[in-house]
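In: Structure, please.
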Amino acid sequence: MSEPIEDYALIGDGQTAALVSRGGSIDWLCLPRFDSPACFAALLGGPEHGHWTLAPRAAPRAVRRRYRDTTLVLETDFETDDGAVTVVDCMPPRTEAPVLVRQVIGRSGRVAMRMDLVIRTDYGSVVPWVRRSDRGIRAVAGPDALALTTDLPLEGEGLTTIADFTIAVGERRSLTLAWYLSHRAPPEPVDPDAAVRETEAWWREWVGRSTYDGPDREAVLRSLVTIKALIYEPTGGIVAAPTTSLPEQLGGVRNWDYRICWVRDATFALYALVMGGYLDEARAWREWLGRALAGTPQQLQIMYGLAGERRLTELELPWLPGYAGSAPVRIGNAAHAQFQLDVWGEMLDATLAAERAGLEPDPEGWRVITELMEHLESVWQEPDEGIWEVRGPRRHFTHSKVMAWVAADRMVKLSEARDPEASTERWRALRAAIHADVCRHGFDPARGAFVQSYGARELDASLLMIPLVGFLPAEDPRVRGTVAAIERELTADGLVRRYTTGSGVDGLPSGEGVFLACSFWLVDNLVLLGRREEARRLYDRLLALRNDVGLLAEQYDPRARRQLGNFPQALSHIALINSACNLSQTLRPAEHRAGA
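Out: Purely as a prediction, here's the structure:
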C-alpha cells in the first residue's frame, strides 16, 4: 500500500525537489530539474522503481519530524527500543551539481540502521551500471550519472546498494548523492556538515526578508517557503507541483503532470509574493511570463515548460502502476494545446498587479499585450475548454467570459496609467459587451445564480472569482445567490468541489476530492460579504488539513481524510497566503484586485 500523500515532506534546491516519507525514504526525485526523468519513482510504482531509504532496521515506536524553523532542512526523529536517532535531509541551493545530503545523528542509546538505495533512471525503467569508487559508488545510465559518497560500509544486494551500521549517542554519519553528466568527471564531494549549515543559513536569510506581518504568520511563511521551493530559479517560472500523476481520486484516471508552469497562477502568485515582501521573485515570475507569451496571439498557451517551452507532449508510462494503483501515469500535459479564454484575463491582471506593486513596466511587453488584446476581440465569443481543462466538448464557460472581461477592464486601466490622454473607447466597448453577454447568458434567473456555462444548470466553483476580480460587487444579489448555491450544492463537509464530475462536462469518470484553492476562494468571498467569523472558521479548518510539516496537496478527501492530487500544490499555498491577507485588517488583496 502506498504511503499517504500527506506523509511526505519536501526538500529542494531551486531547480528540483524530492519527497521524503515519514519512514525515511526518498520516493520521488527528478534530476537535474523538476521535469527531468526521475531517478526515484517509488511513489508511482514501488521500491523497485527507485528509492533511497535511511531508517532504523527495527520498526520505530515513535516518529516525529519538523523543518528547522522556517527553513527547508528536514529533521525526522526515530525512537526505538534501543535508542533514538535524528535523520537530517536537505538539498543545498544549487551552484553546479544537484546534491542531496543525508545525515544520521545519534540522540540516545545505540540504534541499528539500514541504508537502502535503488537507483533507476527514465522514470524507474532503466537499471544503471554501478561501480565502486574511493568513497562510495558511481552509477551511470545514458546521459545521467550519480555519485554516492559516504564512509559507511556499502554492499551490493541484487540491484540494490545497502549499508548496515549502528549509530550511538553523539555519533554522526553522513551520505551525499550528486548528479552529473555521465560524459564528465564526477563533482568534488561536498562537506555534508558545511552543506547543512549553508542550506539552513540560506533559507533563514531568505525568510528574514519577508515583510509579512499579518495573521497566521507561521502558516504564511511555510507557504512562502514552499512556493520559493517550486520556483525554477534560472528562469523564475513556478511549477504547479514537483510531481506528476498523483491522483485526484485513489485508483482513478485523473492523474496529470503538474511539473509545468500555468499562466493561470500568474496573478495569484504575484499577489502572494508581493504581500510576502518578495518583489524580486515577483519580478522574475512576471519576466518569465513575458518571455513565455512571446509569439503570435494565435500561439498563446495556457501552460509552458520551466523555461517557456511550448511542446509538452503527453505520454503514458505503462511500466509504472501508479500511486495506489492509479493509472495511467502521465508525463507531459495535452492540455497545453487547449483554447482557454481565461489566460487573457490572468495575463492582463498580472501585468496591472505587478505595476501597482512597483515593478517597472516592460515597454516591449506593451506591444505584445496590445496584439493579444486585438486577437481577443475576435475570439472571445468562441467556446473554450475552460479553467478546469475539460477533455469534453468546448462550451461557453461563464468563468472564461468573466476573465475575458477582466482582460478588457485591465487594458483600460493599464492604458490610462501609461497615458491619461490615451483613447480607451475600444477597450471600454469590449468590456461592456462582454459584461452584458455574461449577465445575459451566464446567469440563471430561476436558480438565482451564475452557472457553469451558457444554458447549463450546473454550478462551478470558478464562479467564486466573479467578485474577486471585480466583475460584480460581492453585495450584488446575483453574487450572493451564486455563493449561497455553491455553499448549498457544491460543498462536501463544508469544503468546495470544483464542479459535479461525471456530468459529461469533462469527458472523464466521476469522482475527485474537494479542491483546496476553491475552498480558500470561498473564504475570500465570505470576507467580502462581511461574514468574517464564518470565513475565519473555514480558514482554520483548511489550515488543519495541512500535514505535520505544513504542506497541502491539490485536493482533499473528506471521507477518507486524506490529501489527494499532486503535492505540494503551489496554488493551494498561494491561495492560503491570499486568504490570510484578506483576513487581515490592512492587506486585503481581494478588495485590491476587485477594485483594480
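In: Flag every buried residue along stretch 470-482.
Out: By neighbour count with 16 or more other CB atoms under 10 Å, stretch 470-482 contains the buried residues 470-472, 474, 478-482. Glycine gets a C-beta too; all of them are placed from N, C-alpha and C.
In: Can you pull out the low-pLDDT segments for this structure?
Out: Applying pLDDT under 70 to the chain flags residues 1, 502-504, 506-507, 596.
In: Go again with 80.
Out: Low-confidence segments of the chain (pLDDT under 80): 1, 294-295, 362-365, 501-511, 585, 587-596.
In: Show me what the longest helix belonging to the chain is packed against.
Out: If you go by DSSP state H, the chain has its longest helix at helix 398-418. Helix 398-418 sits against helix 342-356, helix 363-379, helix 425-441, helix 465-468, with contacts defined as 3 or more CB pairs under 8 Å, 6 or more residues apart in numbering; DSSP states H and E.
In: got the CA positions of it in PDB?
Out: What follows is helix 398-418, C-alpha atoms only, in PDB (Å, rounded to 0.1, in the frame of the first residue of the first chain):
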ATOM      1  CA  THR A 398     -19.000  31.600 -17.700                       C
ATOM      2  CA  HIS A 399     -15.700  31.900 -15.900                       C
ATOM      3  CA  SER A 400     -13.900  32.100 -19.200                       C
ATOM      4  CA  LYS A 401     -16.100  35.000 -20.300                       C
ATOM      5  CA  VAL A 402     -15.600  36.800 -17.000                       C
ATOM      6  CA  MET A 403     -11.900  36.600 -17.400                       C
ATOM      7  CA  ALA A 404     -12.100  37.900 -20.900                       C
ATOM      8  CA  TRP A 405     -13.900  40.900 -19.300                       C
ATOM      9  CA  VAL A 406     -11.000  41.200 -16.800                       C
ATOM     10  CA  ALA A 407      -8.600  41.400 -19.800                       C
ATOM     11  CA  ALA A 408     -10.600  44.300 -21.300                       C
ATOM     12  CA  ASP A 409     -11.000  46.000 -17.900                       C
ATOM     13  CA  ARG A 410      -7.300  45.800 -17.100                       C
ATOM     14  CA  MET A 411      -6.400  47.000 -20.600                       C
ATOM     15  CA  VAL A 412      -8.400  50.200 -19.900                       C
ATOM     16  CA  LYS A 413      -6.700  50.700 -16.600                       C
ATOM     17  CA  LEU A 414      -3.200  49.900 -18.000                       C
ATOM     18  CA  SER A 415      -3.700  52.300 -20.900                       C
ATOM     19  CA  GLU A 416      -4.800  55.100 -18.600                       C
ATOM     20  CA  ALA A 417      -1.900  54.500 -16.300                       C
ATOM     21  CA  ARG A 418       0.500  54.800 -19.100                       C
END
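In: Just give me how far it sits from the chain centre.
Out: Relative to its parent chain, helix 398-418 has a centroid offset of 26 Å by CA atoms, centre = their mean, to the nearest Å.
In: Show me which residues of that helix are buried.
Out: For helix 398-418, by 16+ other CB under 10 Å, it's 398-415.
In: same check, this time on stretch 378-386
Out: The neighbour-count check on stretch 378-386 (16+ other CB under 10 Å) flags 380, 384-386 as buried.
In: Output those residues in JSON lines; the columns should cover distance to His336.
Out: Converted to JSON lines, the buried residues of stretch 378-386 look like this (distance: CB to CB, whole Å):
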{"residue": "Trp380", "distance to His336": "21"}
{"residue": "Asp384", "distance to His336": "14"}
{"residue": "Glu385", "distance to His336": "11"}
{"residue": "Gly386", "distance to His336": "15"}
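In: out of these, what pair is the most spread apart?
Out: Checked with CB to CB, the buried residues of stretch 378-386 reach their widest spread between Trp380 and Glu385, with 14.7 Å between them.
In: what's Thr351 in contact with, if anything?
Out: 286, 365, 369, 410, 414 (CB atoms under 8 Å, 6 or more residues apart in numbering).
In: And for Arg68?
Out: By CB under 8 Å, 6+ apart, the contact list for Arg68 reads 74-75, 200.
In: And the host helix or strand of Val101, what's buried?
Out: Element membership for Val101 (DSSP states H and E) is strand 99-118. By 16+ other CB under 10 Å, the buried positions in strand 99-118 come out as 99-107, 111, 113, 115-118.
In: Neighbouring strands - and their directions - for it?
Out: strand 51-56 (antiparallel), strand 83-90 (antiparallel), strand 160-168 (antiparallel), strand 172-181 (antiparallel) (DSSP bridges).
In: Just say which of the ones you listed is most tucked in.
Out: Stretch with highest mean neighbour count among these: strand 51-56 (a mean of 24; mean count of other CB atoms under 10 Å).
In: what's it in contact with?
Out: For strand 51-56, the external contacting residues (CB under 8 Å, 6+ apart) are 23-27, 29, 40, 42, 78, 80, 85, 87, 100, 102, 104, 111-118, 175, 177.
In: if we can go back for a sec, now do the longest helix of the chain against helix 425-441, angle only.
Out: Going by axes from the mean of the first three to the mean of the last three CA atoms, to 10 degrees, helix 398-418 is angled at 160 degrees with respect to helix 425-441.
In: What about Arg394, how many residues nearby?
Out: Around Arg394 sit 16 other residues, with neighbours defined as other CB atoms under 10 Å.
In: who touches it in this structure?
Out: 339, 382-385.
In: Report the contact partners of the closest residue to it other than its chain neighbours.
Out: Take Arg394 and drop its neighbours on the chain: the residue closest to it by CB to CB, 6 or more residues apart in numbering is Pro383, 3.9 Å away. Residues counted as contacts of Pro383 (CB under 8 Å, 6+ apart) are 393-397.
In: and if you look at Asp122?
Out: Going by CB under 8 Å, 6+ apart, Asp122 touches 37, 141-142.
In: And these, which of them are buried?
Out: Among the contacts of Asp122, the ones that count as buried by 16+ other CB under 10 Å are 37, 141.
In: Sort out for me which of the contacts of Asp122 are in strands.
Out: Using DSSP state E, Ala141 are the members of those that sit in strands.
In: from the contacts of Asp122, which single one is nearest Glu534?
Out: Pro37 (46.4 Å).
In: how close does the closest one get to Thr244?
Out: Remark: distance between Pro37 and Thr244 (CB to CB, to the nearest Å) = 11 Å.
In: Could you list the domains of the chain?
Out: Domain ranges of the chain: 5-206, 243-594, per automatic domain parsing.
In: Put together TSV for the ones you listed, with distance to Leu224 on each row.
Out: Formatted as TSV, the domains of the chain follow (distance: least, CB to CB, whole Å):
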stretch	distance to Leu224
domain 5-206	9
domain 243-594	5
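In: Point out the one among the ones you listed that comes closest to Gly214.
Out: Proximity to Gly214 (CB to CB) singles out domain 243-594 among the domains of the chain, at 3.8 Å.
In: Looking at the protein, name the residue that lies furthest from the middle.
Out: Most distant residue from the mean C-alpha position of the chain: Glu421, 41.2 Å away (CA atoms, centre = their mean).
In: helix/strand/coil for it?
Out: Recorded secondary structure, Glu421: coil (DSSP: H, G, I helix; E, B strand; the rest coil).
In: The nearest residue in space to Ala417 that is not next to it in sequence and Leu31: what is the separation?
Out: In this structure, Ala417 finds its nearest non-sequential neighbour in Glu355, 6.8 Å apart by CB to CB, 6+ apart. From Glu355 over to Leu31 the distance is 37 Å, taken as CB to CB.
In: for the stretch 201-350 of the chain, what spans make up the helices?
Out: Along the stretch 201-350 of the chain, counting by DSSP state H, counting those that start in this stretch, helices occupy 217-229, 266-276, 279-293, 342-356.
In: Name the stretch among the ones you listed that sits most buried.
Out: By mean count of other CB under 10 Å, these have helix 266-276 as the most buried, with a mean of 27.
In: hey, C-alpha coordinates of that helix in CSV?
Out: Only the C-alpha atoms of helix 266-276 are listed here, as CSV (Å, rounded to 0.1, in the frame of the first residue of the first chain):
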residue,chain,number,x,y,z
ALA,A,266,0.1,34.4,-12.5
THR,A,267,-2.0,36.9,-10.6
PHE,A,268,-2.5,34.8,-7.6
ALA,A,269,1.3,34.2,-7.4
LEU,A,270,2.2,37.8,-7.9
TYR,A,271,-0.1,38.9,-5.0
ALA,A,272,1.2,36.2,-2.7
LEU,A,273,4.8,37.1,-3.4
VAL,A,274,4.2,40.9,-3.2
MET,A,275,2.3,40.5,0.1
GLY,A,276,5.1,38.4,1.4
